[in-house]
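Peer 1: could you work out the structure for the sequence below:
(chains A and B)
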Amino acid sequence: EDKVVQSPLSLVVHEGDTVTLNCSYEVTNFRSLLWYKQEKKAPTFLFMLTSSGIEKKSGRLSSILDKKELSSILNITATQTGDSAIYLCAPRQGGSEKLVFGKGTKLTVNP
Amino acid sequence: NAGVMQNPRHLVRRRGQEARLRCSPMKGHSHVYWYRQLPEEGLKFMVYLQKENIIDESGMPKERFSAEFPKEGPSILRIQQVVRGDSAAYFCASSLLTSGNIQYFGAGTRLSVL
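Peer 2: Numbers count the residues shown, from 1 in each chain, chains lettered A, B, ... in the order given. Sure thing, here's the model as predicted:
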């Protein structure tokens, strides 16, 4: 059965801290891995990773995939209160194109 | 360029009624996905549709649930004879298959069954 485990489930930090969110997966016919940020409404797309070892970067956020270890990390540097959200990791299966979601990591950034 | 539009945002139904959830994909997108999020759970895939075709419905419950994406108009997720366990947030996503198939999500419909 396909499985995605994110850790930690919950994290509370202060503004300016750096955080690392983890995602491990077991998915048949793996095609790529996507990260989303979910606040109170729609999950918004952050990154899509297809190749191992190549870092994707957007501002203070970065992410990398390790296909050998079946894992990915999402880093956020110099956190801000606006980074408070649930971060979702979702490997994509080839063929069906479906995303398999973990439960997410709830990040709270306090001023 | 409007994003994925879902309506209604909130829907309240009594047990035994029907629920219809609508999803208009992003302009130019012809692939639609429905996901369900139960309380304290991650999003779970339900169904993947292209215009007039169901491609993968492996996540759909066998009874009472159906989905369509007609040639004209929004995609519809239909739940007949709702039960309390159907209470959840239902999210729709759309994609362009040619762009790495990034799925863009709507804000969801929160269904409450009384």
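Peer 1: quick one: secondary structure of A:Gly82?
Peer 2: Assigned by DSSP: H, G, I helix; E, B strand; the rest coil, the conformation of A:Gly82 is helix.
Peer 1: for B:Gln37, grab the count of nearby residues.
Peer 2: 19 (other CB atoms under 10 Å in any protein chain shown). In this view, the C-beta of every residue, glycine as well, is placed from N, C-alpha and C.
Peer 1: tell me how far it lies from B:Leu43.
Peer 2: Going from B:Gln37 to B:Leu43 by CB to CB, to the nearest Å gives 5 Å.
Peer 1: identify the contacts common to these two.
Peer 2: Common neighbours of B:Gln37 and B:Leu43 (criterion: CB atoms under 8 Å, 6 or more residues apart in numbering or on different chains): B:Phe91.
Peer 1: so which elements touch the worst-scoring helix or strand of chain B on mean pLDDT?
Peer 2: The weakest-scoring helix or strand in chain B, judged by mean pLDDT, DSSP states H and E, is strand B:53-56 (a mean of 92). The contact analysis (3 or more CB pairs under 8 Å, 6 or more residues apart in numbering or on different chains; DSSP states H and E) places strand B:53-56 against strand B:43-50.
Peer 1: partners of the very next helix or strand once past the least confident helix or strand of chain B, with directions?
Peer 2: Per DSSP states H and E, the first helix or strand lying C-terminal to strand B:53-56 is strand B:65-68. The pairing partners recorded for strand B:65-68 under DSSP bridges are strand B:75-79 (antiparallel).
Peer 1: can you show me the helices along chain B?
Peer 2: Counting by DSSP state H, chain B forms no helices at all.
Peer 1: show me what from it comes close to chain A.
Peer 2: B:3-4, B:31, B:33, B:35, B:40-45, B:48, B:55-56, B:58-59, B:91, B:93, B:95, B:97, B:100-108 (CB under 8 Å from any CB of the partner chain).
Peer 1: of those residues, select the buried ones using a PyMOL command.
Peer 2: Listed next is the PyMOL selection for buried residues among the residues of chain B next to chain A, using 16 or more other CB atoms under 10 Å in any protein chain shown:
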select buried, chain B and resi 3+4+31+33+35+42+43+44+45+48+55+56+59+91+93+95+101+103+104+105+106+107+108
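Peer 1: contacts only, for the residue nearest to the spatial centre of chain B.
Peer 2: Closest to where the C-alpha atoms of chain B average out (CA atoms, centre = their mean) is B:Trp34, at 3.6 Å. By CB under 8 Å, 6+ apart, the contact list for B:Trp34 reads B:Cys23, B:Phe45, B:Met46, B:Val47, B:Ala67, B:Ser75, B:Leu77, B:Tyr90, B:Phe91, B:Cys92.
Peer 1: the residue nearest to it when sequence neighbours are not counted: neighbouring residues, count only.
Peer 2: Using CB to CB, 6 or more residues apart in numbering or on different chains and skipping the chain neighbours, the partner closest in space to B:Trp34 is B:Met46 (4.4 Å). B:Met46: 22 surrounding residues under other CB under 10 Å.
Peer 1: doesn't A:Leu33 make contact with A:Met48?
Peer 2: Yes - counting by CB atoms under 8 Å, A:Leu33 is a contact partner of A:Met48 at 7.3 Å.
Peer 1: which one's more surrounded, those two?
Peer 2: A:Leu33 (25 against 20).
Peer 1: got the contact list for the more buried one?
Peer 2: A:Leu33 neighbours (CB under 8 Å, 6+ apart): A:Cys23, A:Tyr25, A:Met48, A:Leu49, A:Thr50, A:Leu65, A:Ser72, A:Cys89, A:Ala90, A:Pro91, A:Arg92.
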